[in-house]
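Undergrad: Give me a 3D structure for the following:
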Amino acid sequence: MKKLLFVVGLLSGIAQAQDVQENTNILDYVAEIEAEVLEMDLPETDDAGLEDEDMTFRKYVGIPKGYVYNPKLGTTHDYCSYSPDSYLKANFRGPCARHDICYDSPTDKKKCDVNLLKDMYSNCDHAYGKLNPVRYTCHSVAKGYFAAVVVHH
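TA: All right, here's what the predicted structure looks like:
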C-alpha cells in the first residue's frame, strides 16, 4: 500500500515538474517514451521452447557485469534514483543499472530512457507472465518509477 501511495503522490508531483528535455512536460515525455516502447516488437522467450500461454514470455533484464553500485558516486551508480528498485516480484535494478551506464555514455539520453522503460516492462512481463493481471499493474507502477528516475537525471 505504501508503494501505491508513493506512486500516486509521485505522479501528482511530477505533473507540476519543470520541463525535462527540449521544453517537454514530464508527463508528455513519459507518454512519448511509452508510445515508442509499445510500438516495439519485444522478444519473447520461455526458456524451454514451449508454447504455454501462461509461461514467462520476456527475457529478464539483469544487472550488467562491471556495474558499480555506489550511491556516493552519484545518481548513475544507485540503481533506480528516487524510486524503489522493485515492485512485488518484478526487479528493476538491472534496467536501472543499464540506464545508469547508458547515461554515462555518449548515447542519446532519449534512447537510454526508451530502453529503461522497455526493460522495466520486460521485467514485469518476466515476473508475471502473459495471463497474470498483476502484469498490467506492474507496467503502471514501472511507468511511475520511470518518471521519477528521468525527472532527476
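Undergrad: hey, where'd the strands end up in this structure?
TA: With DSSP state E as the criterion, the chain has strands at 86-87, 90-91.
Undergrad: got the ones you listed as TSV, with mean neighbour count, distance to residue 141 and mean pLDDT columns?
TA: (C-beta placed from N, C-alpha, C; glycine too.) Below are the strands of the chain laid out as TSV (neighbours: other Cβ atoms under 10 Å; distance: least, Cβ to Cβ, whole Å; pLDDT from 0 to 100):
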stretch	mean neighbour count	distance to residue 141	mean pLDDT
strand 86-87	22	5	96
strand 90-91	24	8	97
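Undergrad: Ok, which of the ones you listed comes nearest residue 151?
TA: Of all the strands of the chain, strand 86-87 sits nearest to residue 151, with 18.3 Å by Cβ to Cβ.
Undergrad: For the chain, which segments are assigned as helices?
TA: 2-14, 26-39, 93-103, 109-128, 134-152 (DSSP state H).
Undergrad: where are the low-confidence patches of the chain?
TA: The chain contains residues with pLDDT under 70 at 1-24, 41-57.
Undergrad: Residue 81: what's it in contact with?
TA: With contact set as Cβ atoms under 8 Å, 6 or more residues apart in numbering, residue 81 has these partners: 75, 96, 148, 149, 152, 153.
Undergrad: Now it: closest residue in space that isn't a chain neighbour?
TA: Excluding its sequence neighbours, the residue lying closest to residue 81 (Cβ to Cβ, 6 or more residues apart in numbering) is residue 75, at 4.3 Å.
Undergrad: I am assuming that neighbour contacts residue 152, so please confirm or correct that.
TA: Yes: if you go by Cβ atoms under 8 Å, residue 75 and residue 152 touch, sitting 6.5 Å apart.
Undergrad: So which of these two has more stuff around it?
TA: residue 75 (15 against 12; other Cβ atoms under 10 Å).
Undergrad: The more buried one and residue 136, how far apart?
TA: Using Cβ to Cβ, to the nearest Å, residue 75 is found at 29 Å from residue 136.
Undergrad: go on, residue 86?
TA: Using Cβ to Cβ, residue 86 is found at 17 Å from residue 136.
Undergrad: again, but for residue 145
TA: Per Cβ to Cβ, residue 145 is found 15 Å from residue 136.
Undergrad: again, but for residue 64
TA: From residue 64 to residue 136 the distance is 28 Å (Cβ to Cβ).
Undergrad: Check residue 110 too.
TA: 25 Å.
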